[in-house]
Structures are given as structure tokens and as C-alpha cells.
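Novice: Next one to model:
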Amino acid sequence: MNNLKFLAGMLVFGSLWGFSECIIGPMFSEVGLPSGMIMTGFFALTFLVISRRLYPHYGMQAGMGLVAGSLRMINPFGGCHLCSALAIMAEGLIFELIFYSTTNFEFKNLDTWTNKIGLGIFSAYVVYVGGYIITQILTPLTFGQFYISNLITMMPQYLARGLPVAFIGAFTVPIALSIKDVKLTLKDPWYYPTTLGLSALCWMTVIANWFLFAA
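Specialist: Next up, the predicted model:
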């Protein structure tokens, strides 16, 4: 796969992830649901796993996190947008580190549902808790208000927050992995117009939403 196709794939999956965080996430918050946990456990992991299968190359998920986090940064609704953006970027990087911790890792080696569920629990928990802790460090640092004692005191609570997400991941990841023969079927003349057009639609929708609520 050439570099342009790789970058276009990164852009479209990152934009879809950012779109879901900006548009769908606040809907969960409005009805009193834990949007952060749902967004990571379901939406983020689904995009990350599918993109990993489509583009098994270094940098894809970390790049997706940067794209999605940037899109979240320009949409200051649904809670602290800086916290959310940092968490998204961290989640993309952590996911990539998990699946490239061994260079020979392949999803096809997960031949049993037990292994798939175990991977879902582990990856969901580590991605969410890791991203959450990183935001609790970087966000206060941004404003010069970080205290290590506060982090240590709250650590048990941070670790406990990942349990519901791990439960969601036990379903999300196996389902995403069970999709057989995931591959792009778009021919080259349609690949770039489709990926770039879908990415542009995500960004324009989020920007339009920002202007709508800002007005």
C-alpha cells in the first residue's frame, strides 16, 4: 500500500472517530449516560480494530488519534474539550503500542472466542484507563496546577473507572474481529474521492455544529 492510501485511510478513520466523539458522544451525556466510557469501549475500539485489520502498518492508530483529537479540539461541547482531545490522542497511541508490542502479532492468531474476549477486556481497560490517567496529568500541567499527591490519591478511582469499559470491550472487540475477510473493495479511481469526501463531511458537520450552538 502506498503512502497516500495509508494517509487517506488514517484521515477517514480518524475523522469518523472524531465525528462520533463530537456529535454522538454529547447525546449520551445529555441523557445521563457515561459518554466517555461508551465512546471508548464501543466507537473508538471498533474504529481502531477495523483500521488495524485494514492497514496493518506502523503509525495508523496513533495518527488516527491525532486526527480525531484535533477534530474534538475544535468542538468545545460535551465537557472539557482539551481533556477529551488529549484522551483520544493518548488512546490511539496506547492501542498502537499494545498491538505492536510484539512485531509478529496478528489478529488471525486469535482463533478462539476466549482469546478474543480476553483481548477485548485487556485492550479496552488499558486504552481507557491509560488515556484517562494521561489527561489527569497533562491537563493540569497545561495550567500549571499538577500535583503528584492528587494523582496518587485518585489513582484507585481512575483504575476502577476502566472496569465498565472492559466489560464493553469484551463484546466490541470480538465482534469487530469476527468480521471475516475485512478488506477495501473500492477501486483506485473511487478510493480517494470516497475517503476524502467522507472525511470532509465529518469535519464540515462538526464545524457546522459548532457554529449552530455558538450562535
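
Novice: Now do the SS call for the spatially most central residue of the chain.
Specialist: The centroid of the chain falls nearest to Ala44 when counting by Cα atoms, centre = their mean (3.4 Å). Local secondary structure at Ala44 is given as helix here, using DSSP: H, G, I helix; E, B strand; the rest coil.

Novice: list the contacts for it?
Specialist: Trp17, Ile88, Glu91, Val127 (Cβ atoms under 8 Å, 6 or more residues apart in numbering). C-beta: built from backbone N, CA, C; applies to glycine.

Novice: mind redoing it with 6 Å?
Specialist: If a contact means Cβ atoms under 6 Å, 6 or more residues apart in numbering, then Ala44 has Glu91 as its contacts.

Novice: Please tell me the pLDDT value assigned to it.
Specialist: The model reports Ala44 with a pLDDT of 95.

Novice: Equivalent analysis for Glu30, please.
Specialist: Note for Glu30: predicted pLDDT of 86.

Novice: That one: how many residues sit nearby?
Specialist: Residues near Glu30, counting by other Cβ atoms under 10 Å, number 10.

Novice: do you know how far it is from Glu91?
Specialist: From Glu30 over to Glu91 the distance is 23 Å, taken as Cβ to Cβ, to the nearest Å.

Novice: for Phe171, same thing?
Specialist: In terms of Cβ to Cβ, Phe171 sits 18 Å off from Glu91.

Novice: okay, the two: which has more neighbours?
Specialist: Comparing Phe171 with Glu91 by other Cβ under 10 Å, the one with more neighbours is Glu91, at 30 against 16.

Novice: I'd say Cys22 and Ser70 touch.
Specialist: No: Cys22 is beyond contact range of Ser70, at 11.0 Å (criterion: Cβ atoms under 6 Å).

Novice: Looking at these two now, which is surrounded by more residues?
Specialist: Cys22 (27 against 16).

Novice: so what's the more buried one up against?
Specialist: By Cβ under 6 Å, 6+ apart, Cys22 lies in contact with Arg72, Asn75, Val206.

Novice: ok, now how distant is Met39 from Phe13?
Specialist: From Met39 across to Phe13, the span is 15 Å (Cβ to Cβ).

Novice: wait, Thr40
Specialist: Separation of Thr40 from Phe13 (Cβ to Cβ): 15 Å.
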